[in-house]
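>>> quick one: sequence and predicted model below, then my questions.
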Amino acid sequence: MDSMNSRETGGARDAKERIVDAAVARLHRDGLTVALDGISLEEAIADAGVARATGYRRWPNRQDFARAVLVRVVREADLVPESEDTLAAIRTAVTEVVSAAERGEIHDPGRTAVVEALRIATEADHHRLAASHQWRDYLALRVTCEGLPDEDLRGELTAELRQAERAFAAHRGRTYARVTRALGYQVQVPGLGEDASLELMSSTLEAMMSGLIISGDGSGDSAECFTSRAFGAEVDGEWTAASYALTSSFLTFLAPPAVPAVDADLRGVLTEL
């Protein structure tokens, strides 16, 4: 008897999860409309292959169903930028900077390396997120969350959004700071300690990244590029509007090393990246 009850409980849980899965998949496919009447329990039941009676028994309250779907959208949004491929590209760029410095073609390899590192990191980050349907659905939910008429749902989603954003901003801050610290730069805002400076930098970049993606500025494979020796770099870099804006903002939070890096220093940096 206990085994039978366990199977029934498991089956009920599976049915509920399949219905929510189906609703989230439909939202990602068709685009997110943040209105409770835009999330169809009937369609989700059909997509999930669950009996209609079973579906309505699991979700007698459509508002609770909409809440579960929207919370899942937030929690499953892929907010953490991939970094291993980006770090490999940065290592290659720093190696090229070191080689150019050894040939006497670059006089401030540290500055050039940090600008190139940021150019690569910001462009990769922006491109991946701009192409992510999950991220766009997340942004749509964040933008319109405050207009939801259900106060409890609005409060729950706001808390979920803030938690996701804090985790994302902190991860981005740690990733970028890891690269710049290896090159001798520090995230430093006058009057703030290191942790507070990093938090401010992370939240600023997160807001700018979101704005660029929402506006579509510099997004996608067709983004217009230009070549520039920007921000004191001594090599040509391929920039987009997004990478240029994000790097410019990031640099305002950086304090350069007291002693400029030399070739040998940068060789050692490669083992830290």
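On my side now, so go ahead.
>>> for residue 68, grab the count of nearby residues.
18 (other C-beta atoms under 10 Å). (Each C-beta comes from the backbone N, C-alpha and C, glycine too.)
>>> repeat that for residue 155.
Neighbour tally, residue 155, other C-beta under 10 Å: 12.
>>> repeat for residue 158
15.
>>> leaving out sequence neighbours, find the closest residue to it.
Counting by C-beta to C-beta, 6 or more residues apart in numbering, residue 158 lies nearest to residue 145, which is 6.0 Å off, once chain neighbours are set aside.
>>> how close does that neighbour sit to residue 171?
Look at residue 145 and residue 171: by C-beta to C-beta, to the nearest Å, they are 22 Å apart.
>>> look at those two and report which has more neighbours.
Using other C-beta under 10 Å as the criterion, residue 145 and residue 171 rank with residue 145 on top: 19 against 15.
>>> report the secondary structure state of the more buried one.
Reduced to three states with DSSP: H, G, I helix; E, B strand; the rest coil, the structure at residue 145 is helix.
>>> quick one, what contacts it?
With contact set as C-beta atoms under 8 Å, 6 or more residues apart in numbering, residue 145 has these partners: 34, 154, 157, 158, 161.
>>> what about the fourth one, which helix or strand?
What that stands for is residue 158. Here residue 158, judged by DSSP states H and E, is contained in helix 151-182.
>>> rounded mean pLDDT for that helix, please.
Here helix 151-182 scores 78 as its mean pLDDT.
>>> one more: stretch 60-72?
Mean pLDDT, stretch 60-72: 81.
>>> quick check: residue 232 touching residue 108?
Yes - between residue 232 and residue 108 a contact is recorded at 7.1 Å, counting by C-beta atoms under 8 Å.
>>> neighbour count winner among those two?
The neighbour comparison of residue 232 against residue 108 (other C-beta under 10 Å) goes to residue 108, with 17 against 12.
>>> follow-up on the earlier one: tell me the helices and strands packed up against the helix holding residue 158.
helix 62-76, helix 109-130, helix 133-144, strand 186-187, helix 194-215 (3 or more C-beta pairs under 8 Å, 6 or more residues apart in numbering; DSSP states H and E).
>>> got the buried residues for that helix?
153, 156-157, 160-161, 164-165, 168-170, 172-173, 175-177, 179-180, 182 (16 or more other C-beta atoms under 10 Å).
>>> ok, stretch 22-29 next?
22, 23, 24, 26, 27.
>>> low-confidence bits of the stretch 1-150 of the chain, can you list those?
The stretch 1-150 of the chain contains residues with pLDDT under 70 at 1-13, 31-38, 77-83.
>>> list the contacts of residue 139.
For residue 139, the contact set (C-beta under 8 Å, 6+ apart) comprises 210, 213, 214.
>>> out of the residues you listed, who's nearest residue 254?
Nearest to residue 254 among those: residue 210, at 21.7 Å, using C-beta to C-beta.
>>> how about the nearest residue to the closest one, chain neighbours excluded?
Nearest to residue 210 is residue 139, by C-beta to C-beta, 6+ apart, at 6.0 Å.
>>> tell me, how many residues neighbour residue 85?
Using other C-beta under 10 Å, residue 85 is surrounded by 10 other residues.
>>> so what's it up against?
The contact partners of residue 85, taken as C-beta under 8 Å, 6+ apart, are residue 124.
>>> and for residue 103?
If you count contacts by C-beta under 8 Å, 6+ apart, residue 103 has none.
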